[in-house]
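Asker: A structural model of the following input is requested.
(2 chains)
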Number of protein chains: 2
Amino acid sequence: MMAEWCKPVGRVKGVLLDISGVLYDSGEGGGVPIPGSTEAVKRIKEANLKVRFCTNETQATRETFVAKLQSLGFDIALGEVFAPAPAACQILKERGLRPHLLVHDGLLPEFNQVDQSNPNCVVLGDAAGNFSYKNLNEAFRVLIGLEKPVLLSLGRGRYYKETDGMKLDVGVYMKALEYACDIEAEVVGKPAKRFFLSALSDMDLEPDQVIMIGDDIVNDIGGAQQCGMKAVQVRTGKYRPCDEQHPTVKADGYVHNLAQAVKILLEHLH
Amino acid sequence: MMAEWCKPVGRVKGVLLDISGVLYDSGEGGGVPIPGSTEAVKRIKEANLKVRFCTNETQATRETFVAKLQSLGFDIALGEVFAPAPAACQILKERGLRPHLLVHDGLLPEFNQVDQSNPNCVVLGDAAGNFSYKNLNEAFRVLIGLEKPVLLSLGRGRYYKETDGMKLDVGVYMKALEYACDIEAEVVGKPAKRFFLSALSDMDLEPDQVIMIGDDIVNDIGGAQQCGMKAVQVRTGKYRPCDEQHPTVKADGYVHNLAQAVKILLEHLH
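Answerer: All right, here's what the predicted structure looks like:
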């Protein structure tokens, strides 16, 4: 198998990993690891490659999420995980924004330190059951009442699959509020360039020294490529064969799963 | 005041009236007539002008809606009212479509005669409180399960104002499902050309014989103009001063309210 994506040999110093659909499949009782993934993460670390995890997960705090992954057997630390909510908090702070939150209850503690009085923006996450008619109207009224409405969306995903069926993701509600207010949301998390760059900066590596591995052709692969990284799509998680004929994004490589990606990568390093 | 919109004198044989924001303001207890509107409708009929009412109302059946308007004092008959749900039923019948309905409970009886088994499309109305996370996921699953998803949307409004605040309208949820499924909805009701043309046909008049009077710059004014009618915007209902600088739609005239529109029209006729 050709693996153009991990050449030139020796230049790769780190990997960025998506979590859901790459490390594990979410669902009932917390989810299950994808075969070979716990071992693959271990091998990356043993090879002294730097690793960071880039997720658009917004139904739980990073603490809760990382604890779950550890309980599934993954060697993963809080500081290695980049998620949209902490990135949003950083933006809110920089710009003096006070959010009205429309997010999952499980995410609320991430915003404990943020002034939420007299809101001058809306932060939208995957609120799941909190996406009620009432809550959407409330978020809309905050936006339409602002002279210059600011909507921060924690991701722009369309949908995802859980054990009990397909669920609409945050991007769908982002589009709804965009249309209602005739505005464009600012996306925090993948595929925002700033989000990927913060993970690279934390590794102290350049884009061409890092490989992104993800299951989402637009948000993982397209997003990472726009920052100058090579990006490989796994055929697990939300991967669909039609992704390989995507009209605008072409992955630098395809692998069965994370385990195979890491195997190829390590072969080319040594 | 110049009134180019009702020239050439004598050519105008009929009027199309929007209802909400032109005849009355909706809200608590059914709403209140806009001053002078009941009298204005009476004057139109006394002048032997033909009149039809074009509404995007989808929270109640036409029967219930017309009864409410009659109780508010309007001279209005069921057969004079064009609403999206009956128009949608016609389309469903023509194309052999079996709808999954995401609409207001009050609208359900309009679809009593329609086969809803094994749905092969989704019909979206202003479902208000029925716009729950659960119901949206269900509509989404129907669409994404179809080889060629068909979404009929009863209007494409962004929002409207009720006495207890601003509410998101059907167009917002239409955009949400469009993005989720990467499709374009078919809009039934205003501003769809077919919808206006069916009212004209029922009057047996040509577009240049009919004046549209409405409060919505895009759906009333723009929609009617696209069919070749002149269209006048009232400064009641959802009218906002910035409508007069709309980037793509320019009304043929502006009036304070329906009473003034009818006054000018009748002066030019006689």
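
Asker: wait, residue A:192 touches residue A:223, no?
Answerer: Yes - using C-beta atoms under 8 Å, residue A:192 makes contact with residue A:223 at a distance of 7.3 Å. Where C-beta positions appear, they are placed from N, C-alpha and C, glycine not excepted.

Asker: what are the ranges of the strands in the stretch 101-250 of chain A?
Answerer: Here the stretch 101-250 of chain A has its strands, by DSSP state E, counting those that start in this stretch, at A:121-124, A:151-154, A:159-162, A:165-168, A:186-188, A:210-214, A:230-234.

Asker: how about the first one: buried residues?
Answerer: Under the neighbour-count criterion of 16 or more other C-beta atoms under 10 Å in any protein chain shown, strand A:121-124 has A:121, A:122, A:123, A:124 buried.

Asker: helices or strands next to that strand in the packing?
Answerer: helix A:84-95, strand A:99-102, helix A:133-144, strand A:151-154, helix A:170-181 (3 or more C-beta pairs under 8 Å, 6 or more residues apart in numbering or on different chains; DSSP states H and E).

Asker: need the strands of the stretch 101-250 of chain A in TSV (columns: mean pLDDT).
Answerer: Putting the strands of the stretch 101-250 of chain A into TSV (pLDDT from 0 to 100) gives the following:
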stretch	mean pLDDT
strand A:121-124	98
strand A:151-154	98
strand A:159-162	82
strand A:165-168	89
strand A:186-188	97
strand A:210-214	97
strand A:230-234	96
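
Asker: could the ones you listed be laid out in JSON lines, adding distance to residue A:27?
Answerer: JSON lines is the format used below for the strands of the stretch 101-250 of chain A (distance: least, C-beta to C-beta, whole Å):
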{"stretch": "strand A:121-124", "distance to residue A:27": "24"}
{"stretch": "strand A:151-154", "distance to residue A:27": "21"}
{"stretch": "strand A:159-162", "distance to residue A:27": "5"}
{"stretch": "strand A:165-168", "distance to residue A:27": "11"}
{"stretch": "strand A:186-188", "distance to residue A:27": "25"}
{"stretch": "strand A:210-214", "distance to residue A:27": "19"}
{"stretch": "strand A:230-234", "distance to residue A:27": "18"}
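
Asker: the ones you listed: which one's closest to residue B:15?
Answerer: strand A:151-154 (40.2 Å; C-beta to C-beta).

Asker: parallel or antiparallel, list what pairs with that closest one.
Answerer: Strand pairing for strand A:151-154, using DSSP bridges, gives strand A:121-124 (parallel), strand A:186-188 (parallel).

Asker: quick one: contacts of it?
Answerer: A:56, A:58, A:84-85, A:88, A:91-92, A:97, A:99, A:103, A:121-126, A:143, A:170-171, A:174, A:177-178, A:181, A:183, A:185-189 (C-beta atoms under 8 Å, 6 or more residues apart in numbering or on different chains).

Asker: wait, residue A:221 touches residue A:251, no?
Answerer: Yes - counting by C-beta under 8 Å, residue A:221 touches residue A:251, with 4.7 Å between them.

Asker: from chain B, how far off is residue A:218?
Answerer: The gap separating residue A:218 from chain B is 11 Å, by C-beta to the nearest C-beta, to the nearest Å.

Asker: could you do residue A:53 as well?
Answerer: 27 Å.

Asker: contacts only, for that residue.
Answerer: Applying C-beta under 8 Å, 6+ apart, the residues near residue A:53 are A:16, A:17, A:18, A:19, A:23, A:76, A:80, A:81, A:82.

Asker: how about 10 Å then?
Answerer: Neighbour list for residue A:53: A:15-19, A:22-23, A:41, A:62, A:65-66, A:69, A:74, A:76-77, A:80-83, A:199 [criterion: C-beta atoms under 10 Å, 6 or more residues apart in numbering or on different chains].

Asker: that concludes my questions; thank you for your assistance.
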